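Engineer: Sequence plus the predicted model coming up.
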Amino acid sequence: MDLCFYVPQLLARRGNHIDISSLPIPGPQTPTVLRWTLNFLIAEMSPGHPKQRDLVTQAEEQIAAANRAYYHNLLASLRTLSPNNPAQTSIIEDFVRVCNLQLALIEDYTAFDKS
């Protein structure tokens, strides 16, 4: 597998802080890629950190929680919309489906570590 595909673009580096382009939550085909990527990024910021594994775990949990909150908030906002145009209703329904798919992906990802 080409792991370079999963390494996000580094946008900026300042001391022990880096900005990256994106960090996707992987699907069931590659469940450990996020952990591997976080390990790589944390090593870039702080090589040889004695608690690197703990930092990776904390980052992973923060990413899952932030994404979960984002999609729940987006769903709540979408449910307040009541468009008059049927085409807009269809678009909103599509966005709701995407949110639900993303939430399921996050839940599958977090459940993988517990199995």
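Structural biologist: Right, received. Where do you want to start?
Engineer: Who are the contact partners of the nearest residue to S22 once chain neighbours are set aside?
Structural biologist: With Cβ to Cβ, 6 or more residues apart in numbering as the criterion, S22 has its nearest non-adjacent residue at 5.5 Å, and that residue is P8. Heads up, the C-betas are built off the backbone N, CA and C, glycines and all. Residues in contact with P8 (Cβ atoms under 8 Å, 6 or more residues apart in numbering) are 20-23, 37, 41.
Engineer: Return the member of those nearest to L103.
Structural biologist: Ranked by distance to L103 (Cβ to Cβ), the contacts of P8 are led by L23 at 17.2 Å.
Engineer: before we move on, which element is the closest one in?
Structural biologist: Assigned by DSSP states H and E, L23 belongs to neither a helix nor a strand.
Engineer: What distance do you get for the residue nearest to S22 to L34?
Structural biologist: For P8, the distance to L34 equals 11 Å [Cβ to Cβ, to the nearest Å].
Engineer: Now the common contact residues for these two.
Structural biologist: The contact sets of P8 and L34 overlap at L23 (Cβ under 8 Å, 6+ apart).
Engineer: List the contacts of I18.
Structural biologist: The contact partners of I18, by Cβ under 8 Å, 6+ apart, come to 10-12, 41, 44-45.
Engineer: Centre-most residue in the protein?
Structural biologist: Centroid-nearest residue in the chain: I25, 4.1 Å away (criterion: Cα atoms, centre = their mean).
Engineer: hang on, isn't that one packed against L105?
Structural biologist: Yes - with contact defined as Cβ atoms under 8 Å, I25 counts as touching L105 (6.0 Å).
Engineer: Tell me how many other residues crowd the residue nearest to the residue nearest to the centre of the chain when sequence neighbours are not counted.
Structural biologist: Of all residues beyond its chain neighbours, the one nearest I25 is Y109 (5.3 Å), with distances taken as Cβ to Cβ, 6+ apart. Here the count is done by other Cβ atoms under 10 Å, and Y109 has 20 residues near it.
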